[in-house]
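> structure of the sequence below:
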Amino acid sequence: MKSGWNHGKTGDLWTENGERNLALVDIVLKKDQPTGRLTRGHVKRILTRCPSHPHGIKVMLAEGGQVSRVQQVLPEEGKGKE
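Now for the predicted structure:
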């Protein structure tokens, strides 16, 4: 698995003080499911209401408004590795 891998918990999409993180994520759009092609973008809205989901948290991306489930939460841009 890749570094930063987590597709099932909403906590990774928020900062420690409860503000939106606008996390950078990879999603797989429905049309790309057969190939597994990833689409990268920042989270605009978290659409899943529960704190975790076995298939990944459903989000809307800020860039283009695509909706799908998170495959990977990536480290924030401009920050060093933890």
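> residues touching the residue nearest to Gly36 when sequence neighbours are not counted, list them.
Spatially, and ignoring its direct neighbours in sequence, Gly36 is nearest to Val28 (6.1 Å; CB to CB, 6 or more residues apart in numbering). C-betas here are computed from N, CA, C, even on glycine. Counting by CB atoms under 8 Å, 6 or more residues apart in numbering, Val28 makes contact with 36-39, 68-69, 71.
> any idea how far Pro34 is from Glu63?
23 Å (CB to CB, to the nearest Å).
> low-confidence ranges in this structure?
For the chain, applying pLDDT under 70 flags the ranges 1-21, 76-82.
> just checking, Gln72 touches Gly36?
No: if you go by CB atoms under 8 Å, Gln72 and Gly36 don't touch, sitting 11.8 Å apart.
> who has more neighbours, these two?
Neighbour count, other CB atoms under 10 Å: between Gln72 and Gly36, Gln72 has more, with 19 against 8.
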